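> Here you go, sequence then predicted model.
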Amino acid sequence: MRSGFALVISAALAALWHAAAPAEAQAGGQERIQLAVDASEAEAVLAALDAKKAGADDDFRTFVLSEDLARRAPALRRTLDAWVREDLVAAARRALPYLPEEAFIRARVYLVIKPLSNSFVFDVSTDAAIFLYLDPEVTAAKFAKT
């Protein structure tokens, strides 16, 4: 049985297959793979935790400054450092042979630390944003494969 994390990522990748006209892809010189990881949200939470500062949102401030998150900070840091070292473009290249020739993999992956442990995809009709909960239980290798 697939984990919830793998199911979210599989659904996200399926939704991201933009079947643009081949002429458009060739004319624009676009690569078939356009992926980026944005760890700024997770970095900001860890920085706020280190500095004991947070944004204006009281609920989020409470979460960021909580003892529970402070205890989890070392594991979150290790996970974040490992995940951002993964080569997602290489992983996407391994997936391309299984997709239609005109398919694209285009997304920005946001690594997030937040009160809820869910991951989700947003705005798949344009440039998809995949919000992945930074889960220390998910290895870097599994992150890259899902």
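Structure's in. What do you need?
> for this protein, what spans make up the strands?
33-38, 105-112, 120-122, 128-133 (DSSP state E).
> Next, the angle from the longest one to strand 128-133.
If I follow you right, that is strand 105-112. Per axes from the mean of the first three to the mean of the last three Cα atoms, to 10 degrees, the angle that strand 105-112 makes with strand 128-133 is 30 degrees.
> any idea which helix is longest in the protein?
Identified as the longest helix of the chain according to DSSP state H is helix 67-85.
> Relative to the whole chain's centre, how far out is that helix?
When distances are taken as Cα atoms, centre = their mean, to the nearest Å, helix 67-85 is centred 15 Å away from the chain's centroid.
> Which other helices and strands does that helix contact?
Helices and strands touching helix 67-85, by 3 or more Cβ pairs under 8 Å, 6 or more residues apart in numbering; DSSP states H and E, are helix 40-51, strand 105-112, helix 140-145. Glycine gets a C-beta too; all of them are placed from N, C-alpha and C.
> Tell me what angle it forms with helix 40-51.
140 degrees.
> Mind listing what's buried along helix 67-85?
Within helix 67-85, the residues that count as buried by 16 or more other Cβ atoms under 10 Å are 69, 72, 76-77, 79-80, 82-84.
> same question, stretch 138-146
So for stretch 138-146, counting by 16+ other Cβ under 10 Å, buried means 138, 140, 142-144, 146.
> Sounds good, over and out.
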